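Asker: Turn this into a structure:
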Amino acid sequence: MTDVLSRSTKHTHDDGARVDVAALGQALLGKWAEVRLQARELAGRPELHKVEGLSHTVHRERVFRQLGLLVENNGVHRAFPVRLGGTSDHGGNVAGFEELVLADPSLQVKAGVQWGLFGSAVLHLGTQEHQDKWLPGIMSMEIPGCFAMTEIGHGSDVASIATTATYDAVTQEFVINTPFRAAWKEFIGNAAVDGLAAVVFAQLITRGVNHGVHAFYVDLRDPETKEFLPGIGGLDDNIKGGLNGIDNGRLHFSNVRIPRTNLLNRYGDVAGDGSYSSSITSPGRRFFTMLGTLVQGRVSLDGAAVGASKVALKIAIQYATERRQFNAASDTEEVVLLDYQRHQRRLLPRLATTYAAAFAHEELLQKFDGVFSGTHDTDEDRQDLETLAAALKSLSTWHALDTLQECREACGGAGFMVENRLTSLRADLDVYATFEGDNTVLLQLVAKRLLADYSKDFRNLDFGVLARFVVGQAADLTWNKSGLRQVAQFVADSGSAQKSAKALRDEDTQHELLAGRVQSMVSDIGAALKDAGKLPKDKAAELFNSNQNALIEAARAHAELLQWEAFTEALRRIGDPGTRKVLARLRDLFGLTLIEKHLDWYLMNGRISMQRARTLAPYINRILTKLRPHALDLVDAFGYGPEHLRATIATGIERERQDEARDYYRKLRASKDAPMDEKVMVQKAKARR
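Answerer: Coordinates of the predicted model:
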């Protein structure tokens, strides 16, 4: 494996900024560096790589065989109990699993279905008896399985799924039914061909009472014939927009009977006589607790999306430092693409966002490990984890799609060639925006948590405290919207663009602008919705719907703030001064690009002066110029070798072509055989007149 982390060279420039590639690479690997490098070595093996152009049936067969290779190499079992051959290392498991996106996203997702969803459901929703019975077969691939939650009629609204599991006390069995077509389980990985069993989510009904969604272990197929068992049917989803190495399909059930003990009953149980019991009395809290145990999928997709963005940027920036186009600056030398300001604008802000997303993901992964290892596992910790995962997964998957598309376009026609991976990765990652929760719905979840936290400030407050808050809000409104803040900024800057730029570069200023936007948006929405609880249900829903877009935008702003804060915190851990200087500029680029993106809001709400607003774009361009010499170092620090990139244009071939062309024209100009340019001939003719 090519390992750029072993490089010790430091690229130094006049202002002392430099990048220690090895040290930065180590920082990016994070807490589970050793696990990541082991997984990266595995992902670099040709037998695990995606082969472009295969039919979907052949691709499926290849990926299924690759799962066996992961088992043989102990690549995916870290989260399972020690007694069953795992290491109970939840954070390390996800860290290693994310690296599989380098080999083939279909492999990563199919492994996620088998062990991260199907296996994790048995692990986290079942008892030790369930674990000992089924996990060994799940871990070894003896039992390929499905995670049957999503229904064609209720994608993100899991609480409303229609599949039922009705308890029959006479036979002590649950009867699984899909009462109509909209209740069919849809988009289910492993359902079309490979799945022998499934964890099926259904409404648990006993003694005439619906106790809400629970999980049940259901055998699907005969292990010998691979035919569906009686009462079970399904359809193959066939070719999709991407991830065609996974056999997605539909499942439906007609009076399928399973033993009472097949209920994964960690959070809710049914006794032989049909009586229901749960350690969590609130049905709503019980539902969210059960779903919260399955947050691993969102955490891993966040990391995989960051990985795909890194691959795309390494390919595109490598190409942009070698490809030459147009000779406006010279009569003989063409300009390298990355020397063009617009090309820097296309790629470097996305590089900054990728760094921010990577550092934020490391914080998410440590939060996840703390909860699932039990070291930090309070209700509040779990709520924080769910909110953080929903926020970051949404931003990173959208960012990956945007970055892959921009990198594709930035590489021109070469980017469109499958051999350079960008189109293939873009197609495979498309579904990440709706997989494991639609991003827009997830941001709504985040927004509700923000409002809940906001409302805590007003519980049990006397009039005096509330009055002080209202006065404070009024003062804040006056300070911002009357223009007093803008006047103060103008006075502080003395009308100087240089002073405005210095203020924008200030860490506290950036944080104030980003955090202030979130706080203002949430408080505005909170004020708009404060009477919703007093209204009839239909009127409350109408009020909420009228503020839904603002809610989602507030959640997005909150997630952007989290990424900026993670980047800033990571900066403090960088020991090498030169590397820290470069990364500080990259962080500034991320923060100021966000402010530029939302500049209309900052101006309309009086948060930024016109002087600083005018200074913003030119100052961003100055940062781009200063980052340009370090661009290749910054993507080299990702640590990917050619076995991970597998893109022809990232192999140095473009540099060879350009050097060959330059050498050819240099020799031609020096020879007597060089033809005269018509423009030169015309100029000479004019000069003789």
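Asker: Can you list phi and psi of N605 for me?
Answerer: Backbone torsions for N605, taken as degrees, to the nearest 10, come to phi -100, psi 10.
Asker: any idea how far D524 is from it?
Answerer: 10 Å (CB to CB, to the nearest Å). (C-beta placed from N, C-alpha, C; glycine too.)
Asker: the more surrounded of these two?
Answerer: Under the criterion of other CB atoms under 10 Å, the comparison of N605 against D524 puts N605 first, with 18 against 15.
Asker: Quick check, that one in contact with S520.
Answerer: Yes: the pair N605 / S520 is scored as a contact, 6.5 Å apart, by CB atoms under 8 Å.
Asker: Do I have it right that L401 meets D428?
Answerer: No: counting by CB under 8 Å, L401 stays clear of D428, with 10.6 Å between them.
Asker: Show me whatever sits in contact with both of these two.
Answerer: With CB atoms under 8 Å, 6 or more residues apart in numbering applied, the contact sets of L401 and D428 do not overlap.
Asker: more neighbours, these two?
Answerer: More crowded of L401 and D428, by other CB under 10 Å: D428, with 26 against 19.
Asker: In a helix, the more buried one, correct?
Answerer: Yes: using DSSP: H, G, I helix; E, B strand; the rest coil, the assignment for D428 is a helix.
Asker: And the pLDDT for it?
Answerer: Looking at D428, its pLDDT reads 97.
Asker: Same question for the one 3 residues further on.
Answerer: Turning to V431, the model gives it a pLDDT of 96.
Asker: Same check on F288?
Answerer: What the model reports as pLDDT for F288 is 88.
Asker: do L477 as well
Answerer: pLDDT, L477: 52.
Asker: do G526 as well
Answerer: At G526, pLDDT is 88.
Asker: tell me the secondary structure for it?
Answerer: Secondary structure assignment for G526 (three-state DSSP): helix.
Asker: wait, what's in contact with it?
Answerer: Taking CB under 8 Å, 6+ apart as the criterion, G526 is in contact with L451, Y454, S455.
Asker: And it, how far from L429?
Answerer: From G526 to L429 the distance is 35 Å (CB to CB).
Asker: Can I get the contacts of G526 in CSV including neighbour count, pLDDT and secondary structure?
Answerer: CSV is the format used below for the contacts of G526 (neighbours: other CB atoms under 10 Å; pLDDT from 0 to 100; DSSP: H, G, I helix; E, B strand; the rest coil):
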residue, neighbour count, pLDDT, secondary structure
L451, 21, 88, helix
Y454, 16, 77, helix
S455, 13, 71, helix
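Asker: got those as a markdown table, with distance to H130 columns?
Answerer: Shown next, in a markdown table, are these (distance: CB to CB, whole Å):
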| residue | distance to H130 |
| --- | --- |
| L451 | 37 |
| Y454 | 40 |
| S455 | 39 |
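Asker: for the stretch 101-250 of the chain, what spans make up the helices?
Answerer: With DSSP state H, counting those that start in this stretch as the criterion, the stretch 101-250 of the chain has helices at 105-111, 120-125, 128-140.
Asker: Could you do the stretch 551-689 of the chain as well?
Answerer: Using DSSP H, counting those that start in this stretch, the helices of the stretch 551-689 of the chain run over residues 577-597, 599-604, 610-627, 631-636, 642-645, 653-670, 678-688.
Asker: most packed of those helices?
Answerer: Among these, ranked by average contacts under mean count of other CB atoms under 10 Å, first place goes to helix 631-636 (a mean of 22).
Asker: counting contacts, what elements does that helix pack onto?
Answerer: In terms of contacts (3 or more CB pairs under 8 Å, 6 or more residues apart in numbering; DSSP states H and E), helix 631-636 is packed against helix 21-29, helix 296-320, helix 341-373, helix 577-597.
Asker: how much space is there between the nearest residue to I280 once chain neighbours are set aside and N327?
Answerer: Of all residues beyond its chain neighbours, the one nearest I280 is R286 (4.1 Å), with distances taken as CB to CB, 6 or more residues apart in numbering. Computed as CB to CB, the R286 to N327 distance reads 68 Å.
Asker: So between those two, which is more surrounded?
Answerer: Using other CB under 10 Å as the criterion, R286 and N327 rank with R286 on top: 19 against 11.
Asker: Would you verify that the more buried one is located in a strand?
Answerer: No: counting by three-state DSSP, R286 falls outside a strand, being helix.
Asker: Am I right that it is in contact with Y267?
Answerer: Yes: contact criterion CB under 8 Å: R286 and Y267 qualify, at 5.7 Å.
Asker: tell me the mean pLDDT for stretch 124-136?
Answerer: For stretch 124-136, mean pLDDT is 97.
Asker: Common neighbours of R286 and Y267, please.
Answerer: In contact with both R286 and Y267: S278, I280, using CB under 8 Å, 6+ apart.
Asker: is it true that E643 touches E47?
Answerer: No: E643 is beyond contact range of E47, at 11.6 Å (criterion: CB under 8 Å).
Asker: Report the helix or strand with the lowest average pLDDT across this structure.
Answerer: Lowest on mean pLDDT, DSSP states H and E among the helices and strands of the chain sits helix 463-481, with a mean of 43.
Asker: K530 and L543, how far apart?
Answerer: On the measure of CB to CB, K530 and L543 end up 10 Å apart.
Asker: same question, E406
Answerer: Remark: distance between E406 and L543 (CB to CB) = 38 Å.
Asker: okay, these two: which has more neighbours?
Answerer: Taking other CB under 10 Å, E406 and L543 do not tie; E406 has more neighbours (19 against 14).
Asker: and the more buried one, that's in a helix?
Answerer: Yes: with three-state DSSP as the criterion, E406 is part of a helix.
Asker: OK, contacts around it?
Answerer: Taking CB under 8 Å, 6+ apart as the criterion, E406 is in contact with A316, R346, L347, R350.
Asker: Which residue comes closest to the most centrally placed residue in the chain once chain neighbours are left out?
Answerer: Centroid-nearest residue in the chain, with CA atoms, centre = their mean: D302, separated by 2.8 Å. The shortest distance from D302 to any non-neighbouring residue, by CB to CB, 6+ apart, is to K393 (4.4 Å).
Asker: any idea which helix or strand comes after the helix or strand that contains that neighbour?
Answerer: K393 belongs to helix 379-410 when assigned by DSSP states H and E. Using DSSP H and E, the helix or strand that follows helix 379-410 towards the C-terminus is helix 412-416.
Asker: Just the CA trace of stretch 238-255, in PDB.
Answerer: Presented in PDB, the C-alpha positions along stretch 238-255 are these (Å, rounded to 0.1, in the frame of the first residue of the first chain):
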ATOM      1  CA  ASN A 238     -33.500  -4.800 -10.300                       C
ATOM      2  CA  ILE A 239     -31.300  -2.000 -11.700                       C
ATOM      3  CA  LYS A 240     -31.100   1.200  -9.700                       C
ATOM      4  CA  GLY A 241     -29.400   4.600 -10.100                       C
ATOM      5  CA  GLY A 242     -26.400   3.300  -8.300                       C
ATOM      6  CA  LEU A 243     -25.200   0.600  -5.800                       C
ATOM      7  CA  ASN A 244     -26.100  -2.200  -8.200                       C
ATOM      8  CA  GLY A 245     -24.000  -4.700  -6.300                       C
ATOM      9  CA  ILE A 246     -26.800  -4.800  -3.700                       C
ATOM     10  CA  ASP A 247     -29.900  -7.000  -4.300                       C
ATOM     11  CA  ASN A 248     -32.600  -4.600  -3.100                       C
ATOM     12  CA  GLY A 249     -36.200  -5.800  -3.200                       C
ATOM     13  CA  ARG A 250     -39.700  -5.900  -1.700                       C
ATOM     14  CA  LEU A 251     -41.100  -8.200   0.900                       C
ATOM     15  CA  HIS A 252     -44.600  -9.000   1.900                       C
ATOM     16  CA  PHE A 253     -46.200 -11.300   4.500                       C
ATOM     17  CA  SER A 254     -49.500 -13.200   4.600                       C
ATOM     18  CA  ASN A 255     -50.300 -14.900   7.900                       C
END
